[in-house]
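Participant: Please find the sequence and the predicted model below.
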Amino acid sequence: MKSDKITEKSFKIIIVGNKNRFFHLNQFAEELEKRGIHVKIVHDIDFLQKKMDLDFVKRIKKNNNFMKILDEFSPNVVLLDRISDIGKKVIKKNIPLWILLRGNIWEETIWAKRTNNNSIKQRLSLQKNEKLIEYCFNNSDLILPISHYLENIARDKYPEKKIAYFPGDGRIPNEWNFIKTCELKHPCVGLIQGLNIWGKTRELITLKKILEGLPNVTFYLAGDGIYSKNIIPELTKFSNFVWLKNLDYPQEIKKIFSEIDVFLSLSGLEGLGQTIIEALLMKKPVIASNVGGIPELITHNETGLLVKLGDSEKIIESILKLLRDKELSRKIAENGHNIIQKKYAWKNLAAEFELILKNQ
């Protein structure tokens, strides 16, 4: 791929993904446009039929609408921000398909089979999704893992495929600033995570012993999902636990980050850790599970504290350490901030992405 195609503003890319990520994808697109790369962002659901929709006219119309976008925009590449049936359409159209690998979707699938396959409908849906994942990856032209942890998994599963590490979970650093709220009870610890993947969510069970061991510390959890019923009732038994459910992103999330004393990331499965990136941009001391791609963000005792899965005693010790040693908290938060604001700034990531384009 020649670089002059990019500088002449003729290279075109369609990014297909979940509308929940449009906030970040639009920022990425703006930086790519500055580098002479035309970008169109598409919400995959807008062009896919619902599972039980038998309206074949509507189905054909949605398919034709997406094909029209492909024909009119004429992209050099389509980048999938998440796997969907759109990938099939792109492959059949013989347009290069790139996949941004955000998480260990194979392990996530295993957990889904264990915990979310009670009905025939659910089992069929999981089987279909598993086949779709393999079809898209097997027919992709490039896989872009966002962490070295995911890169190793991808290379092991697809040794013959083109793979390029790309930490595509960026932010605009100067947008993550302190917002005065004064609504939380101190000392406090904040957690922000979805509850839709049991492999991740299960680690929150560890909170029970932590809440019991730190009765004078208030814990605030923002996030919701299908497994909330498995976790939240057990945690709300404790008076020092507050469930905030889903909060408006990013403003309300910034308010939580502004107020908390310590950020705690308890996850049993993590491709990288976007909330950790945001916590460090907000200069908050972080304690995180030592799993997946998290150690690529957190160096123990330098940019945060890492803990083993299920080690409630060590987590309690770490929280007390950061609450009592303000200088240590300030130091590791500052160190983390300095690294994250450079490596995960969309401006710098756009430059890295351009290099990937030129090398294909």
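Facilitator: The structure has been received and is ready for your questions. Numbers count the residues shown, from 1 in each chain.
Participant: State the pLDDT value of Leu48.
Facilitator: For Leu48, the pLDDT comes out at 82.
Participant: What of Phe56?
Facilitator: Per-residue confidence (pLDDT) for Phe56: 60.
Participant: Glu8 too?
Facilitator: 46.
Participant: And for Leu207?
Facilitator: At Leu207, pLDDT is 97.
Participant: Tell me how many other residues crowd it.
Facilitator: By other CB atoms under 10 Å, 22 other residues sit near Leu207. All C-beta atoms are positioned from the backbone trio N, CA, C, and that covers glycine.
Participant: my guess is it meets Phe219, correct?
Facilitator: Yes. Counting by CB atoms under 8 Å, Leu207 touches Phe219, with 6.8 Å between them.
Participant: Give the residues shared as contacts by the two.
Facilitator: Residues touching both Leu207 and Phe219 (CB atoms under 8 Å, 6 or more residues apart in numbering) are Leu191, Phe241.
Participant: Let me see the contact set for Ser289.
Facilitator: Counted by CB under 8 Å, 6+ apart, Ser289 has contacts Glu203, Ser265, Leu266, Ser267, Gly268, Glu270, Leu306, Val307, Lys308, Leu309.
Participant: repeat for Ile105
Facilitator: Ile105 sits in contact with Ile83, Ile133, where contact means CB under 8 Å, 6+ apart.
Participant: burial of Val42, as a residue count?
Facilitator: Neighbours of Val42 (other CB under 10 Å): 19.
Participant: brain fart, Ser258
Facilitator: Ser258: 19 surrounding residues under other CB under 10 Å.
Participant: So it versus Pro250, what's the distance?
Facilitator: 12 Å (CB to CB, to the nearest Å).
Participant: One more: Pro295?
Facilitator: Pro295 is 25 Å from Pro250, by CB to CB.
Participant: Between those two, which is the more surrounded one?
Facilitator: The neighbour count for Pro295 versus Pro250, taken as other CB under 10 Å, is higher for Pro295 (19 against 15).
Participant: so the residue lying closest to the more buried one once chain neighbours are set aside, which of the three states?
Facilitator: In space, and not counting its chain neighbours, Pro295 is closest to Leu306: 6.5 Å by CB to CB, 6 or more residues apart in numbering. Each residue gets one of three states, and Leu306 gets strand by DSSP: H, G, I helix; E, B strand; the rest coil.
Participant: Quickly list what Leu306 is bridged to.
Facilitator: Beta-bridge partners recorded for Leu306 (DSSP bridges): Ala288.
Participant: hang on, it packs against Glu296?
Facilitator: No. Under the criterion of CB under 8 Å, Leu306 is not in contact with Glu296, lying 11.3 Å apart.
Participant: Tell me where the model's unsure across this structure.
Facilitator: Low-confidence regions of the chain, defined here as pLDDT under 70, cover residues 1-9, 50-59, 117.
Participant: go with 90
Facilitator: Along the chain, segments meeting pLDDT under 90 span 1-10, 47-64, 112-126, 180-183, 360.
Participant: Which residue ranges of the stretch 251-360 of the chain form strands?
Facilitator: 262-265, 286-289, 305-307 (DSSP state E, counting those that start in this stretch).
Participant: Using JSON lines, please lay out the ones you listed together with distance to Lys326.
Facilitator: Converted to JSON lines, those look like this (distance: least, CB to CB, whole Å):
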{"stretch": "strand 262-265", "distance to Lys326": "11"}
{"stretch": "strand 286-289", "distance to Lys326": "15"}
{"stretch": "strand 305-307", "distance to Lys326": "15"}
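Participant: out of the ones you listed, nearest to Trp243?
Facilitator: strand 262-265 (14.6 Å; CB to CB).
Participant: From the chain's centroid, how far away is that closest one?
Facilitator: 17 Å (CA atoms, centre = their mean, to the nearest Å).
Participant: Counting neighbours, what do you get for Leu305?
Facilitator: 26.
Participant: contacting residues for it?
Facilitator: Taking CB under 8 Å, 6+ apart, one finds Pro285, Val286, Ile287, Ala288, Ile298, Ser318, Lys321, Leu322, Ile332 in contact with Leu305.
Participant: Check Ala350 too.
Facilitator: Counting by CB under 8 Å, 6+ apart, Ala350 has contacts Phe28, Glu31, Leu32, Lys34, Arg35.
Participant: out of everything not next to it in sequence, what's closest to it?
Facilitator: Closest to Ala350 by CB to CB, 6+ apart is Glu31, at 3.6 Å.
Participant: wait, isn't the one you found in contact with Trp346?
Facilitator: Yes. If you go by CB under 8 Å, Glu31 and Trp346 touch, sitting 4.7 Å apart.
Participant: so where do the helices sit in the stretch 1-150 of the chain?
Facilitator: With helices called from DSSP state H, counting those that start in this stretch, the stretch 1-150 of the chain shows them at 3-7, 22-34, 56-73, 86-92, 105-115, 120-138, 148-157.
Participant: closest to Glu352 out of those?
Facilitator: Nearest to Glu352, of the helices of the stretch 1-150 of the chain and by CB to CB, is helix 22-34 at 10.6 Å.
Participant: Please identify the buried residues of that closest one?
Facilitator: Residues of helix 22-34 classed as buried: His24, Leu25, Gln27, Phe28, Ala29, Glu31, Leu32 (neighbour count, 16 or more other CB atoms under 10 Å).
Participant: helices or strands next to that helix in the packing?
Facilitator: strand 11-17, strand 37-43, helix 346-359 (3 or more CB pairs under 8 Å, 6 or more residues apart in numbering; DSSP states H and E).
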